[in-house]
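Peer 1: What follows is a predicted protein model with its sequence.
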Amino acid sequence: MRRKTKKQNLKENYFISSINLSWAQNAGKLSGHALHVALAIWHYKGLLRKDWGQPFPMGVASAAESFGVSRSAAGRGLKELESESLIKIKRQKGVKTMISVLKPAPLKPEDDCGIPLLDELFFENLEKENKEYSTNICEDIL
């Protein structure tokens, strides 16, 4: 049997791309195994080096099983993710499901127990104004 290269081991044991925090938070708020399915989708998206909105074929059942989710739970997770507009699904009979990962709607500041959420627009404004920012920490965390 042939030994695996470091690159092959990396693909199997790590996420290839970093996960968008607000996307993951939105997926984590869903019921059931939606977060498990979301992680499987994100991992596969990274392996294929796809960007936001670019469709890619994915055998969802086999990918979700690697995260300990049954085929039926994976289907329910997909429906949850699609209903929250985190993914777009195109199904055709006899062909793998085509999935597009969509950009999430920005979270409201009152979400996440009052910790201010930092987004790209904030950092653009911060650079323009050259001001320092101090974070407010949620009392539950202290």
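Peer 2: Everything's here; your move.

Peer 1: By mean pLDDT, flag the weakest helix or strand of this structure.
Peer 2: Using mean pLDDT, DSSP states H and E, the weakest-scoring helix or strand in the chain turns out to be helix 6-13, at a mean of 55.

Peer 1: Which secondary structure elements does the following helix or strand past that one sit against?
Peer 2: With elements assigned by DSSP states H and E, the helix or strand that comes after helix 6-13 is helix 21-28. Judged by 3 or more CB pairs under 8 Å, 6 or more residues apart in numbering; DSSP states H and E, helix 21-28 is in contact with helix 34-47. In short, each C-beta sits where N, CA and C put it, glycine included.

Peer 1: What are the buried residues along the helix it packs on?
Peer 2: 34-46 (16 or more other CB atoms under 10 Å).

Peer 1: and these as JSON lines, adding pLDDT?
Peer 2: Formatted as JSON lines, the buried residues of helix 34-47 follow (pLDDT from 0 to 100):
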{"residue": "A34", "pLDDT": "92"}
{"residue": "L35", "pLDDT": "91"}
{"residue": "H36", "pLDDT": "90"}
{"residue": "V37", "pLDDT": "91"}
{"residue": "A38", "pLDDT": "91"}
{"residue": "L39", "pLDDT": "89"}
{"residue": "A40", "pLDDT": "89"}
{"residue": "I41", "pLDDT": "90"}
{"residue": "W42", "pLDDT": "89"}
{"residue": "H43", "pLDDT": "85"}
{"residue": "Y44", "pLDDT": "85"}
{"residue": "K45", "pLDDT": "89"}
{"residue": "G46", "pLDDT": "86"}
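
Peer 1: Between those, which sits nearest G68?
Peer 2: Within these, proximity to G68 (CB to CB) peaks at H36, which comes in at 6.8 Å.

Peer 1: Now do the contacts for that closest one.
Peer 2: Counting by CB atoms under 8 Å, 6 or more residues apart in numbering, H36 makes contact with 64, 67-69, 73, 77.

Peer 1: Quick one: the residues you listed as JSON lines, columns for pLDDT, secondary structure and neighbour count too.
Peer 2: JSON lines is the format used below for those (pLDDT from 0 to 100; DSSP: H, G, I helix; E, B strand; the rest coil; neighbours: other CB atoms under 10 Å):
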{"residue": "A64", "pLDDT": "76", "secondary structure": "helix", "neighbour count": "25"}
{"residue": "F67", "pLDDT": "83", "secondary structure": "coil", "neighbour count": "16"}
{"residue": "G68", "pLDDT": "87", "secondary structure": "coil", "neighbour count": "9"}
{"residue": "V69", "pLDDT": "89", "secondary structure": "coil", "neighbour count": "24"}
{"residue": "A73", "pLDDT": "90", "secondary structure": "helix", "neighbour count": "18"}
{"residue": "G77", "pLDDT": "91", "secondary structure": "helix", "neighbour count": "26"}
